[in-house]
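**Q** With the input below, show me the fold.
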Amino acid sequence: MDLNWYYTEGQLTLKVDSEEHKFSLEDLISSSSVYKERRKKIQKGFAFALLLIGSLQYFGGGLPSDQGVYFYIGYIATPVFFAGIIASLSFFYFKYSKKEIIKLDTILKEHLST
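**A** Model (predicted):
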């Protein structure tokens, strides 16, 4: 397996076993910014879900009194747990809803894993 790469005139050229694959710098930068945007969406989704579930829990029944320590740990951890599940589901939705797979990632994963 022969893997070489070089950069000229705004293009990254990747040579894998005498096959040349060219990628523009703009495409690589845009794929990086997509990752950052997806991470921000997931963080906002987690915060929104946490606030929504926590407020529904608090305003729906109030804060119970005369309970044990483990009850309050569960009372606080439950909204965090459900917000984490919602954030995880949104992560998988945003990650796998892309219409096209980036060719550079697939080539590198395929040839570097062998």
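
**Q** Could you identify the longest helix within the chain?
**A** Longest helix in the chain, counting residues (DSSP state H): helix 25-61.

**Q** buried sites along it?
**A** 38, 42, 45, 46, 49, 50, 53, 54, 57 (16 or more other Cβ atoms under 10 Å). Every residue, glycine included, has its C-beta placed from N, CA and C.

**Q** which residues of the chain score low on pLDDT?
**A** Counting by pLDDT under 70, the chain contains low-confidence residues at 1, 6, 28-31, 97-105, 107-114.

**Q** Following element in sequence after the longest helix of the chain, please.
**A** Using DSSP states H and E, the next helix or strand after helix 25-61 towards the C-terminus is helix 69-96.

**Q** Okay, angle between that next one and helix 25-61 too, please.
**A** 150 degrees (axes from the mean of the first three to the mean of the last three Cα atoms, to 10 degrees).

**Q** roughly how far out does helix 69-96 sit from the chain middle?
**A** The chain centroid and the centroid of helix 69-96 are separated by 15 Å under Cα atoms, centre = their mean, to the nearest Å.

**Q** who does that helix touch, helix- and strand-wise?
**A** Helices and strands touching helix 69-96, as assessed by 3 or more Cβ pairs under 8 Å, 6 or more residues apart in numbering; DSSP states H and E, comprise helix 25-61.

**Q** so how far is residue 60 from the residue lying farthest from the centre of the chain?
**A** Distance to the chain centre peaks in the chain at residue 66, reaching 40.6 Å (criterion: Cα atoms, centre = their mean). In this view, residue 66 and residue 60 are 19 Å apart by Cβ to Cβ, to the nearest Å.

**Q** before we move on, what about residue 68?
**A** 21 Å.

**Q** Please apply the same query to residue 11.
**A** Taking Cβ to Cβ, one finds residue 11 at 57 Å from residue 60.

**Q** Equivalent analysis for residue 40, please.
**A** Taking Cβ to Cβ as the measure, residue 40 and residue 60 are separated by 30 Å.

**Q** Pull the contacting residues for the residue lying closest to residue 90 once chain neighbours are set aside.
**A** Sequence neighbours aside, residue 45 is the residue nearest to residue 90 in space, at 4.8 Å (criterion: Cβ to Cβ, 6 or more residues apart in numbering). Neighbouring residues of residue 45 by Cβ atoms under 8 Å, 6 or more residues apart in numbering: 86, 87, 90.

**Q** That'll do, ta.
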